[in-house]
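In: mind folding the following:
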Amino acid sequence: MAKNLALIGLLLMGGVPLLAQDYVKYTSLEDALADPESVEYLKLRRNGYDEWPAELASFPNLKVLDLAHNKLKAIPYGLSYAEKLEELILTGNELDSLQSSIAQFTGLRKLLVGNNYIYHVSAQIEQLEQLEFFEIWSNETHYLPKEVGNLQALKEVDMRGIQISERHQDNIRSLFDESVTVKLSLSCNCD
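Out: The predicted structure follows:
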């Protein structure tokens, strides 16, 4: 009951709660594979993965996947568990774009891809109709596709740490209505 009241309070204040707090956390593939049906949160940070681990297909109930600080370069297609994910953390990898494969995560509420090399975000991001929080700070992204403005559930976009001209910042802000918080760093003279 207290947890539900805290969650309601955060939502009423406009905060986006961390979904990961609600699940039992597994921090190794070996432990998770011992009972794959029970795995809802899998934290595999700093494991040196340069490819998406094939074992992830073993977890039909996966809701939160944390692959931060690995060496992943792309999100593959054909992830059978993808539409059940609510939170995907890919901070600090080697992604250079969010390709159309991002569209398979239709239940995603939080997407954290900060501190990569992302210069392009696919228009297919509009398929993430449940997305509330999009963190793409410290990347090479100077624009977002206009389709990101179609995300009705979106509450916050964090693009801090990216050198963007005032003109491009205005273009980004214009994609969203006033209900979406857009976080940007100071603009630069860098057209």
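
In: quickly find the element holding the most centrally placed residue in the chain.
Out: Centre of the chain computed as the mean C-alpha position; nearest residue by CA atoms, centre = their mean is Leu111, 1.1 Å away. Using DSSP states H and E, Leu111 sits in strand 110-112.

In: and what of Arg167?
Out: helix 166-173.

In: now Ser122: how far from Lys43?
Out: Distance, Ser122 to Lys43, using CB to CB, to the nearest Å: 26 Å. For glycine as for every other residue, the C-beta is placed from the backbone atoms N, C-alpha and C.

In: can you check Asp50 too?
Out: Shown here: Asp50 relative to Lys43, a distance of 18 Å by CB to CB.

In: neighbours around Thr106, how many?
Out: 14 (other CB atoms under 10 Å).

In: among the helices and strands of the chain, which one scores worst on average pLDDT?
Out: Least confident helix or strand of the chain, by mean pLDDT, DSSP states H and E, is helix 2-12 with a mean of 40.

In: now for the next helix or strand after that one, which elements pack on it?
Out: Sequence-wise, the next helix or strand downstream of helix 2-12 (DSSP H and E) is strand 25-26. The criterion is 3 or more CB pairs under 8 Å, 6 or more residues apart in numbering; DSSP states H and E, and the helices and strands that strand 25-26 contacts are strand 41-43.

In: so His120 sits against Ser97, correct?
Out: Yes. Between His120 and Ser97 there is a contact under CB atoms under 8 Å: 4.1 Å.

In: who has more neighbours out of these two?
Out: Looking at His120 and Ser97 with other CB under 10 Å, you find the greater number of neighbours at Ser97, namely 20 against 15.

In: who touches that one in this structure?
Out: Residues in contact with Ser97, defined by CB atoms under 8 Å, 6 or more residues apart in numbering, are 74, 118-122.

In: could you redo the last one with a cut-off of 10 Å?
Out: 73-75, 116-122, 139-141 (CB atoms under 10 Å, 6 or more residues apart in numbering).

In: and it, how close does it get to Cys190?
Out: Applying CB to CB, the value for Ser97 to Cys190 is 20 Å.
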